[in-house]
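[1] Predicted model, plus sequence, below.
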Amino acid sequence: MEKLIKEVEKTLEAVSGVAERLAANERLIKALEERVANVEEVLAKGVQGRPNIVVEGSTPYERFENFLTLKAEDPTIAKWQDLSDAYTIFASIRRLRGQPYDGSWLHKRFVEVTKAVTGADLANYIPVGFSNRVLQLIRLQPSVPQLLPQVDMPTETFKIPLSISGINVAYVAAGTAITPSDASAQGVTLEAKKLAAAVEVADEVSEDAIVAVLPEFQTALAVAFAEGLENAVINGDASSNDPLLKVWNGLVKLAQQHDVTTFDAASIMQAIALMGKLGVNPNEVVIVVNPNKYAEMVQWSEVSTVDKYGAQATVVTGELAKVWGRPVVVSAFVPSNVHALVFNRRAFLLGMRRGLRVETQRDILKQVDILAATLRVAFAQVPYDVPAAVKIV
């Protein structure tokens with residue numbers, strides 16, 4: 001009977017983990033279907049009304065670029081941004097191939113949108129970037145970077161005076177002067193780095209085709225950037241020759257090493273203890289492991305899997321279990337020689353400089369067009385006097 005109970009528990013653990021992944025996929029599919037429906041609606045009905053927005057910019061082009069960066073809280077903004085994204089793909093490829101694009105319904109509706117937003121007729125304009133809606137798709141991908149606080153960067157290099165130390169609290173009797181603390185501000189400097197992903201376009205690009213393949217195209221970009229960013233955040237090494245990983249020093253490089261002879265729940269508690277005050281709050285500490293190590297961990301008696309803590313399973317994207325009250329997140333990018341990464345997610349920052357930019361080029365040998373998207377992003381550690389991350393090896 002005991003063996004049967006354990007088998008049932010393992011089955012429940014597996015089903016619960018799969019259910020969470022399916023829920024994430026369902027959210028992504030719903031978001032993609034919404035984008036297609038938005039484009040089709042604007043194509044069919046045109047521009048109706050104007051959202052209650054104020055878009056700044058010294059020129060119509062600058063105003064429209066700023067419009068694309070807006071968060072689509074208004075349904076009209078979402079619909080117009082989705083149409084702009086579809087038009088950007090369509091017009092960029094057609095222009096690269098020397099094919100007409102200004103006689104299409106996509107072009108006509110896009111011009112209507114630009115006029116509604118900027119007050120100007122931008123008939124010969126093709127946006128140089130995608131809207132904030134594509135960035136939202138990247139954020140829907142379960143990944144370690146989504147666990148980190150994110151900052152919008154107004155400049156390429158952005159310094160944030162994040163923490164102030166040296167402030168003391170003391171009892172003050174009536175009539176006694178308050179002695180000021182010798183406080184000092186510690187800053188974090190975010191430096192935007194350029195990441196790029198490319199998609200080959202080999203077939204004829206028509207209006208109908210663009211609307212039909214928009215979900216696949218945007219999914220491909222979202223998955224590529226989410227995986228690339230997760231790999232860089234975990235394995236980044238500024239001294240590496242790898243074209244991606246050399247972007248910055250990631251969690252593995254920055255973490256303090258903790259050597260163990262046996263990987264078990266006790267070794268994780270030891271890593272948490274090494275973090276001092278940064279290991280205290282279970283809501284801030286995350287344990288990241290690769291799939292093989294997770295398969296070992298779910299058999300530990302100290303592991304509380306999602307079927308045992310119910311609705312809290314979705315408190316952290318990708319979370320499948322807890323050890324010592326700290327969520328366990330699985331990532332395929334954790335190196336095989338690292339048992340686990342334990343870190344305080346508030347001790348690291350992800351900076352976003354701007355949205356996805358669009359570039360096109362022709363590969364003559366392959367006879368295909370390449371549509372590339374670039375994203376400027378930064379990763380940095382907040383300074384503390386204790387380790388913010390520990391790798392168990």
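    Arrived safely, thanks for sending.
[2] Can you name the residues that contact the residue nearest the centre of the chain?
    For the chain, the residue nearest the mean C-alpha position is residue 139 (4.1 Å; Cα atoms, centre = their mean). The contact partners of residue 139, by Cβ atoms under 8 Å, 6 or more residues apart in numbering, come to residue 146. Bear in mind the C-beta positions are built from the backbone N, C-alpha and C, glycine included.
[3] For residue 69, list the residues it contacts.
    131, 132, 354, 355.
[4] change it to 10 Å
    Residues in contact with residue 69, defined by Cβ atoms under 10 Å, 6 or more residues apart in numbering, are 55, 81, 129, 131, 132, 135, 152, 354, 355.
[5] Tell me the secondary structure at the nearest residue to residue 296 once chain neighbours are set aside.
    Excluding its sequence neighbours, the residue lying closest to residue 296 (Cβ to Cβ, 6 or more residues apart in numbering) is residue 263, at 7.2 Å. Put simply, residue 263 is coil when judged by DSSP: H, G, I helix; E, B strand; the rest coil.
[6] Show me the two of the contacts of residue 69 that sit farthest apart.
    Across the contacts of residue 69, the longest distance by Cβ to Cβ is 17.8 Å; it joins 55 and 135.
[7] that older thread, counting only strands, which of the contacts of residue 69 make the cut?
    If you go by DSSP state E, the contacts of residue 69 have residue 152 in strands.
[8] Go through the contacts of residue 69 and flag which are in helices.
    81, 132, 135 (DSSP state H).
[9] So what's the residue count around residue 78?
    Counted with other Cβ atoms under 10 Å, residues neighbouring residue 78 total 21.
[10] now the helices: where do they sit in the chain?
    So, for the chain - with DSSP H - the helices run 2-45, 60-68, 75-96, 105-118, 132-139, 207-235, 251-254, 265-274, 291-297, 306-309.
[11] how much space between residue 362 and residue 104?
    21 Å (Cβ to Cβ, to the nearest Å).
[12] the more surrounded of the two?
    Neighbour count, other Cβ under 10 Å: between residue 362 and residue 104, residue 104 has more, with 18 against 13.
[13] The more buried one touches residue 87, doesn't it?
    Yes. Counting by Cβ atoms under 10 Å, residue 87 is a contact partner of residue 104 at 8.7 Å.
[14] between the helices of the chain, which gets nearest to residue 281?
    Short answer: helix 265-274, nearest of the helices of the chain by Cβ to Cβ, at 10.6 Å.
[15] where in the chain is pLDDT low?
    Scanning the chain for pLDDT under 70 picks out 1-25, 28, 51-52, 162-167, 180-186, 202-208, 304-320.
[16] Ramachandran coordinates for the residue sitting furthest away from the middle of it?
    Distance from the C-alpha centroid of the chain peaks at residue 175, with 53.0 Å (Cα atoms, centre = their mean). Here is the backbone geometry of residue 175 (degrees, to the nearest 10): phi 80, psi 0.
[17] what sits against it?
    Residue 175 neighbours (Cβ under 10 Å, 6+ apart): none.
[18] likewise residue 30?
    residue 140.
[19] Residue 170 and residue 179 touch, don't they?
    Yes. Residue 170 is in contact with residue 179 according to Cβ under 10 Å; the separation is 7.4 Å.
[20] Now do the contacts for residue 392.
    Residues in contact with residue 392 (Cβ under 10 Å, 6+ apart) are 255, 257-260, 263-264, 267-268, 270-271, 274, 287, 289, 293, 338-342.
[21] what's the spacing between residue 59 and residue 65?
    With Cβ to Cβ as the criterion, residue 59 and residue 65 are 9 Å apart.
[22] Residue 234 touches residue 249, doesn't it?
    No. The pair residue 234 / residue 249 is not scored as a contact, 11.0 Å apart, by Cβ under 10 Å.
[23] Tell me which of the two has more neighbours.
    residue 234 (25 against 19).
[24] Name the nearest residue to that one, sequence neighbours excluded.
    Spatial nearest neighbour of residue 234, chain neighbours left out: residue 333 (4.7 Å); criterion: Cβ to Cβ, 6+ apart.
[25] backbone phi and psi for that neighbour, please?
    Dihedral angles for residue 333 - degrees, to the nearest 10 - are phi -90, psi 0.
[26] and the gap between it and residue 288?
    From residue 333 to residue 288 the distance is 9 Å (Cβ to Cβ).
[27] hey, what's in contact with both of those two?
    144, 230, 234, 251, 252.
[28] what's around the residue lying closest to residue 137 once chain neighbours are set aside, how many residues?
    In this structure, residue 137 finds its nearest non-sequential neighbour in residue 222, 3.9 Å apart by Cβ to Cβ, 6+ apart. Residues contacting residue 222 under the criterion other Cβ under 10 Å number 23.
[29] How about the contacts made by residue 222?
    Contacts of residue 222 by Cβ under 10 Å, 6+ apart are 28, 31-32, 134-141, 197, 356.
[30] For residue 159, name its beta-bridge partners.
    In this entry, residue 159 is beta-bridged to residue 189, by DSSP bridges.
[31] Residue 374 too?
    Bridge pairing for residue 374 - DSSP bridges - gives residue 196, residue 357.
[32] Touching, it and residue 224? I think so.
    No. Here residue 374 lies out of contact with residue 224, judged by Cβ under 10 Å, at a distance of 11.8 Å.
[33] Identify the contacts common to these two.
    Residues within reach of residue 374 and of residue 224 at once, by Cβ under 10 Å, 6+ apart, are 195, 196, 197, 198.
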